[in-house]
Structure formats: structure tokens, C-alpha cells
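S.K.: just coords:
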Ligand SMILES: [Zn+2]
């Protein structure tokens with residue numbers, strides 16, 4: 001069982017409504033990005049292990065967050081074995097310039113980072129995330145999780161958002177993700193549920209609030225309870241009973 005903090009984008013509405021709920025600044029970011037990526041296309045494709053390898057290799061030759069080399073966070077075999085994985089390609093003039101995947105577990109989509117050449121296509125990531133959100137808005141999916149790291153529940157992450165942006169270097173990399181979260185959610189974090197996201201050993205994912213987890217992969221319910229967050233401990237404990 002793996003526990004992560006979700007960073008949730010509400011995609012239960014139409015895409016137009018989703019955009020209308022963004023802040024003025026974030027709407028501008030969307031419009032600007034739309035203009036500079038006018039030739040880009042985003043399409044659903046069959047999972048392709050060769051493309052996955054090609055783009056992970058490309059990804060790993062680059063650096064992130066001001067100079068740290070990137071290592072893709074999962075072994076390739078892990079990606080290949082995920083039967084929940086949905087893959088998209090980003091193309092420009094019929095050339096594939098980016099790859100973007102999410103894991104679909106019923107009404108939850110867990111988005112992986114887009115894979116692309118950061119120097120050559122600096123606007124691709126935002127295009128790809130907004131396109132993925134649009135895809136989700138037109139589906140049964142309710143939440144797209146962009147991954148908030150670990151150690152907090154969703155509501156706490158929202159409440160501490162400005163600390164992440166300014167003070168906590170471990171969570172600095174979340175900063176770029178907040179432009180996708182609607183203004184009303186950021187303005188009123190107290191309304192949100194204190195979700196954690198569980199990944200079962202069979203890789204089924206679910207948002208959990210109560211300590212009860214129904215795994216579709218195992219087709220059974222698991223019951224547990226939250227332990228206390230201890231000072232300086234980055235991982236919440238979940239005790240299976
Ligand atoms: Zn399971």
C-alpha cells in the first residue's frame with residue numbers, strides 16, 4: 001500500500017465551465033498557451049512500450065527544478081504492467097513531440113508528468129495538461145490528480161499552499177501545478193475533503209477519506225485507520241487492521 005497526497009483538479013464539469021472557474025491570471029495563462037501552441041495536437045493512442053522507452057530516455061537526459069538531473073520515478077516494467085494506463089501523444093506537423101499518460105481507476109485519473117524536450121518545446125507541458133484536463137472533462141472522470149507529494153492530505157496541502165510556494169523547498173516543485181486548480185477551491189480550502197490517495201499492491205488507486213479502501217483489482221474492501229503524523233515524518237501512516 002502506497003499513500004500519496006493528491007493534488008486534485010475537478011474535471012466533473014464541462015471544459016468551458018472548468019476554464020471559467022480559473023482565476024483571471026490562470027485564464028490568461030491558458031489563453032496565452034493556447035495561442036503559442038496553435039499547431040499542437042493531443043490524441044489518445046494505444047499504449048506503446050517503445051514510445052514510452054524513447055521518451056523516458058529523452059526525459060532523463062534533461063534537468064529539472066534548477067539543475068537536478070531527472071530520473072523517471074518508476075521502472076519501465078512497472079509502466080508496461082499497468083493495465084490502468086491511458087496514453088496520449090502530442091504532435092506538431094505529424095511529428096510526435098510529447099507523450100503524456102494517466103492511470104484511470106474508475107472516476108479518478110492519476111496524471112504522470114508529460115515527457116518531452118523541455119528546451120525545444122517549453123510550452124508543451126501546459127498545453128498537454130490543459131488538453132488532458134479537457135479529455136477528462138469529456139469523460140466519466142471526476143478528479144485528475146497531478147500528485148501533491150506525500151505527508152499531507154489534500155485539504156492540508158491546500159491550506160499550506162503558500163508555504164509550499166515560498167518556504168518549503170521540498171514542495172517547491174508543486175508551484176507550477178496550482179494554475180490548474182480553480183479559484184473557488186484555492187479561495188476556500190476548508191470545503192475540500194481531507195483525501196489521501198492509496199495505491200494498492202495491485203496498483204489500483206483510490207481517494208480515501210475514512211480509512212476504508214475498496215480495491216477493484218482485489219475486489220475486496222480493506223479497512224484501516226490513520227496513525228498520527230509525527231513531527232518531521234514525511235509519510236502518513238496507514239495501519240491496516
Ligand atoms: Zn488491490
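M.R.: Cool, got the structure. All values reported here derive from a predicted model rather than from experimental measurement.

S.K.: low-confidence ranges in the protein?
M.R.: 64-67, 164-172, 211, 223-241 (pLDDT under 70).

S.K.: most centrally placed residue in the chain?
M.R.: Using C-alpha atoms, centre = their mean, the residue of the chain that lies closest to the mean C-alpha position is residue 146, 1.7 Å off.

S.K.: what about it, distance to residue 181?
M.R.: Using C-beta to C-beta, to the nearest Å, residue 146 is found at 9 Å from residue 181. C-betas here are computed from N, CA, C, even on glycine.

S.K.: Please identify every residue contacting each of those two.
M.R.: By C-beta atoms under 8 Å, 6 or more residues apart in numbering, residue 146 and residue 181 have these common neighbours: 7, 8, 9.

S.K.: and the longest strand seen in the chain, what does it pack onto?
M.R.: The longest strand of the chain (DSSP state E) is strand 95-105. If you count contacts as 3 or more C-beta pairs under 8 Å, 6 or more residues apart in numbering; DSSP states H and E, strand 95-105 packs onto helix 49-60, strand 85-92, strand 108-111, strand 115-116, helix 124-137, strand 205-208.

S.K.: For the ion, find the nearest of the ones you listed.
M.R.: strand 205-208 (9.5 Å; C-beta to the ion).

S.K.: And for the closest one, what's in contact with it?
M.R.: 6, 8, 84, 103, 105-106, 108, 110, 143, 145, 154, 193, 195-200, 213-215.

S.K.: Mind doing that once more with 6 Å?
M.R.: 105, 110, 195, 196, 197, 198, 199, 213 (C-beta atoms under 6 Å, 6 or more residues apart in numbering).

S.K.: three-state assignment of residue 30?
M.R.: Recorded secondary structure, residue 30: helix (DSSP: H, G, I helix; E, B strand; the rest coil).

S.K.: Contact residues of the chain facing the ion?
M.R.: Within reach of the ion by C-beta under 5 Å from the ion, the chain has these residues: 200, 202, 204, 215, 217, 218.

S.K.: I'd like those residues laid out as a markdown table, including neighbour count and distance to residue 129.
M.R.: Shown next, in a markdown table, are the residues of the chain next to the ion (neighbours: other C-beta atoms under 10 Å; distance: C-beta to C-beta, whole Å):
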| residue | neighbour count | distance to residue 129 |
| --- | --- | --- |
| 200 | 18 | 26 |
| 202 | 12 | 27 |
| 204 | 21 | 24 |
| 215 | 20 | 28 |
| 217 | 14 | 27 |
| 218 | 13 | 31 |
